[in-house]
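Undergrad: Sharing a model prediction with you, sequence too.
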Amino acid sequence: MRNKDAAELRSKVIPAARGVVLEVGVGSGLNIPFYTAAVSRLYAVDPSLKLLNMARQKAGGAPFPIDFLNHTAERMALADRDVDTAVVTWSLCSMADALAALREVKRVLKPNGTLIFVEHGLSPDLSVQAWQNRINPIWRRVAGGCNLNRRIDYVIRSAGFAISELRTRYLPGPRPMTYTYEGIAHPTEEPLT
């Protein structure tokens, strides 16, 4: 996810993050340079210690404190309703339980909080879907657990979010790997479970 098109998307969506920010699946820290001084603190969560160490190297000079947390997204040691903005980019595809992870994100988000997401997933085109479903078992094994056929908007809504903005499109590259969901969602009024 270091290509020009991914970097361009990051440069457009990440600056919208404000206040206390949680980035789920921070990975090697590719989003960190795009956060602005509107961020007061960043919780950078990832289950890989190796990737967190790489992210730490990109964090020098950030105008806000960063807490690097070696957690899975499904269980984070953060207080309820403490986060203003949550960010997830190209990570939901590889989470063992994306629905549980997003429910955990909802738990830590303030009721008026914002979820910013950019993910690849299930295409609406039946011929592309057929390829996604066909190659997904192999792809998942060779691509670190990445699933090509998750319907990202459905998972976000199922976790208790209302999507206020959604843009979908193919990025350059093979269609089974590049159908992208980009948008903003907010926690719904239903109680935490």
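TA: Okay, I see it.

Undergrad: For the rest of this, base every contact and every neighbour count on C-alpha atoms.
TA: Fine.

Undergrad: Can you list the low-confidence ranges for the protein?
TA: 1-2, 190-193 (pLDDT under 70).

Undergrad: can you give me the helices in it?
TA: Taking DSSP state H as the criterion, the chain carries its helices at 4-13, 49-58, 98-108, 126-142, 152-158, 175-178.

Undergrad: which strands and helices sit next to the second one?
TA: Think helix 49-58. If contacts are counted by 3 or more Cα pairs under 8 Å, 6 or more residues apart in numbering; DSSP states H and E, helix 49-58 sits against strand 66-69.

Undergrad: go on, the fifth one?
TA: Using 3+ Cα pairs under 8 Å, 6+ apart as the contact test, the elements touching helix 152-158 are helix 98-108, strand 161-170, strand 179-187.

Undergrad: Okay, buried residues for it please.
TA: The neighbour-count check on helix 152-158 (16 or more other Cα atoms under 10 Å) flags Ile152, Asp153, Val155, Ile156, Arg157 as buried.

Undergrad: Run through who's touching it.
TA: Leu92, Ala98, Leu99, Leu102, Glu119, His120, Gly121, Leu122, Ala162, Ile163, Tyr181, Ala185 (Cα atoms under 8 Å, 6 or more residues apart in numbering).

Undergrad: out of the residues you listed, which is most surrounded?
TA: With neighbours taken as other Cα atoms under 10 Å, the top of the contacts of helix 152-158 is His120, carrying 29 neighbours.

Undergrad: Any chance of the contacts of helix 152-158 in JSON lines with distance to Leu109 as columns?
TA: Formatted as JSON lines, the contacts of helix 152-158 follow (distance: Cα to Cα, whole Å):
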{"residue": "Leu92", "distance to Leu109": "17"}
{"residue": "Ala98", "distance to Leu109": "16"}
{"residue": "Leu99", "distance to Leu109": "15"}
{"residue": "Leu102", "distance to Leu109": "10"}
{"residue": "Glu119", "distance to Leu109": "19"}
{"residue": "His120", "distance to Leu109": "23"}
{"residue": "Gly121", "distance to Leu109": "24"}
{"residue": "Leu122", "distance to Leu109": "26"}
{"residue": "Ala162", "distance to Leu109": "13"}
{"residue": "Ile163", "distance to Leu109": "15"}
{"residue": "Tyr181", "distance to Leu109": "21"}
{"residue": "Ala185", "distance to Leu109": "11"}
